[in-house]
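Novice: here you go, sequence then predicted model.
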Amino acid sequence: MVKSALEQQIIDALEAVAPAHGIDVVDVEIVGATKAPCVRVRIDRADGDPISLDEVTAQSSWVSETVEGLDPIAGSYTLEVSSPGMARPLRRPQDFVRFTGEAVELTTTAVEGRRRYKGTISAVDESCVTLALEDDDQTVTIPHDEIKKCTLKPVYDFKGGKGGK
């Protein structure tokens, strides 16, 4: 996954501490204006269960201490710690393995003249991800180091509400 050097530095620092807290660092991104950027850290439980809002709040202190210890940005910035949400980012090969069979939206650095793909993860190995494309019966194999962004495609079930109606 293509990340800036600063984002990767923050990921590395957080991943060194996260196992002691039972946390998986899903993603880090730096967004917003250069004068007052926002550092977004998405975390989840390491055991694979979804993280609750109370757990995110409880984990925010060590995340803040770790990022602050790096002093990654000169001047002020906002730190945002959250769950990965329904459109969960996939960053590492093990993320793709975990969500094999799931629908994703993927952006690359340009593979075969195309940058955006929608499909289902059909295979994963140490170097590549294979998608069964949703718009035709083709598959495409994309090297991990050419993936700029990949998120799960959320499935909204409005029929599963109260009363089963």
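Specialist: On my side now, so go ahead.

Novice: what comes into contact with the longest helix belonging to the chain?
Specialist: In terms of residue count, the longest helix belonging to the chain (DSSP state H) is helix 53-70. Contact with helix 53-70 is made by 9-10, 13-14, 17, 21, 23, 39, 41, 43, 45, 51, 79, 81-83, as judged by C-beta atoms under 8 Å, 6 or more residues apart in numbering. In short, each C-beta sits where N, CA and C put it, glycine included.

Novice: same deal with stretch 104-111?
Specialist: 2, 90, 114-121, 129, 131, 140, 142-143, 146-153.

Novice: just the buried ones from the residues you listed, in PyMOL syntax?
Specialist: Command for PyMOL that selects the buried part of the contacts of stretch 104-111, burial taken from 16 or more other C-beta atoms under 10 Å:
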select buried, resi 90+117+119+120+121+129+131+140+142+147+149+150+151+152
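
Novice: ranges for the helices of the chain?
Specialist: For the chain, the helices defined by DSSP H cover 5-17, 53-70, 93-98.

Novice: just the angle for the longest one relative to helix 5-17, thanks.
Specialist: To tie it back to what came earlier, the one meant is helix 53-70. 120 degrees (axes from the mean of the first three to the mean of the last three C-alpha atoms, to 10 degrees).

Novice: name the residues of helix 53-70 that come out as buried.
Specialist: Buried, per 16+ other C-beta under 10 Å, within helix 53-70: 55, 56, 59, 60, 62, 63, 66, 67.

Novice: CA-only coordinates of it in PDB, if you can.
Specialist: Coordinates of each C-alpha in helix 53-70 appear next as PDB, following Å, rounded to 0.1, in the frame of the first residue of the first chain:
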ATOM      1  CA  LEU A  53     -17.000   3.600  20.900                       C
ATOM      2  CA  ASP A  54     -16.100   3.100  24.600                       C
ATOM      3  CA  GLU A  55     -13.100   1.000  23.600                       C
ATOM      4  CA  VAL A  56     -11.900   3.600  21.100                       C
ATOM      5  CA  THR A  57     -12.200   6.300  23.800                       C
ATOM      6  CA  ALA A  58     -10.200   4.100  26.200                       C
ATOM      7  CA  GLN A  59      -7.500   3.500  23.600                       C
ATOM      8  CA  SER A  60      -7.100   7.100  22.500                       C
ATOM      9  CA  SER A  61      -4.700   8.100  25.300                       C
ATOM     10  CA  TRP A  62      -1.800   5.700  24.300                       C
ATOM     11  CA  VAL A  63      -2.400   6.500  20.700                       C
ATOM     12  CA  SER A  64      -2.100  10.200  21.500                       C
ATOM     13  CA  GLU A  65       1.000   9.700  23.600                       C
ATOM     14  CA  THR A  66       2.700   7.700  20.800                       C
ATOM     15  CA  VAL A  67       1.900  10.200  18.100                       C
ATOM     16  CA  GLU A  68       2.800  13.100  20.300                       C
ATOM     17  CA  GLY A  69       6.100  11.400  21.100                       C
ATOM     18  CA  LEU A  70       7.000  11.400  17.400                       C
END
